[in-house]
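Visitor: requesting a structural model of the entry that follows:
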Amino acid sequence: MLPQIPSYIRTTAMFFCIVIMLLGVVGNVMVPIVIVKTKDMRNSTNIFLTNLSIADLLVLLVCTPTVLVEVNTRPETWVLGHEMCKAVPFVELTVAHASVLTILAISFERYYAICEPLKAGYVCTKGRAILICVLAWGIAALFTR
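Guide: Predicted coordinates for the structure are as follows:
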């Protein structure tokens, strides 16, 4: 049986997890709000950034509470039940994959905007950005096991 994590490490980890979670949630909730409320900011790049913000928000809401539970239990035990044992890693990996695919899409869009500036306005559309974001989540969920 592994020893319990010392209380000073638990307290420090909990403090930082809670601070990171609160600041991250506030910041990642503000991104879509600002983009939706400001008409000039509704473009394809900001659609990708909103998608990335939503993915980061899900990381904060799924991973951080799990870490808080793990820090307060024995290292070799999982107290959240069998279903959560399967669901939490699936959600964590799906969100991570969706984030990476979104960053990849942003990179391609920026590359195209720099290399083909006259065509970019016709190719890098809001509709296409939304479609790519939906595909990113679908592919992320499909390839997460």
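
Visitor: buried residues in stretch 37-52?
Guide: 44-52 (16 or more other CB atoms under 10 Å). Where you see a C-beta, it was placed from the backbone N, CA and C, and this is true even at glycine.

Visitor: now do the end-to-end distance for it.
Guide: End-to-end distance for stretch 37-52, by CA to CA, to the nearest Å: 18 Å.

Visitor: coming back round to it: quickly name whichever of the buried residues of stretch 37-52 is closest to residue 123.
Guide: For the buried residues of stretch 37-52, the minimum distance to residue 123 (CB to CB) is 9.3 Å, reached by residue 44.

Visitor: how far away is that closest one from residue 100?
Guide: 19 Å (CB to CB, to the nearest Å).

Visitor: buried residues, stretch 123-142. List them.
Guide: Neighbour-count burial for stretch 123-142, counted by 16+ other CB under 10 Å, picks out 124, 129, 132-133, 136-137, 140.

Visitor: what of stretch 85-100?
Guide: 88, 91-92, 94-99.

Visitor: what's it in contact with?
Guide: 51-52, 55-56, 58-59, 62-63, 66, 78, 80, 136-137, 139-141, 143-144 (CB atoms under 8 Å, 6 or more residues apart in numbering).

Visitor: again, 6 Å this time
Guide: Contacts to stretch 85-100, defined as CB atoms under 6 Å, 6 or more residues apart in numbering, come from residues 55, 58-59, 62-63, 66, 78, 136-137, 140-141, 144.

Visitor: hey, which helix or strand in this protein has the poorest pLDDT?
Guide: In the chain, no helix or strand scores lower on mean pLDDT, DSSP states H and E than helix 117-123, which sits at a mean of 86.

Visitor: buried stuff in it?
Guide: residue 120.

Visitor: helix or strand right after that helix?
Guide: helix 126-143 (DSSP states H and E).

Visitor: low-confidence stretches in this protein?
Guide: Within the chain, the stretches with pLDDT under 70 are 1-3, 75.
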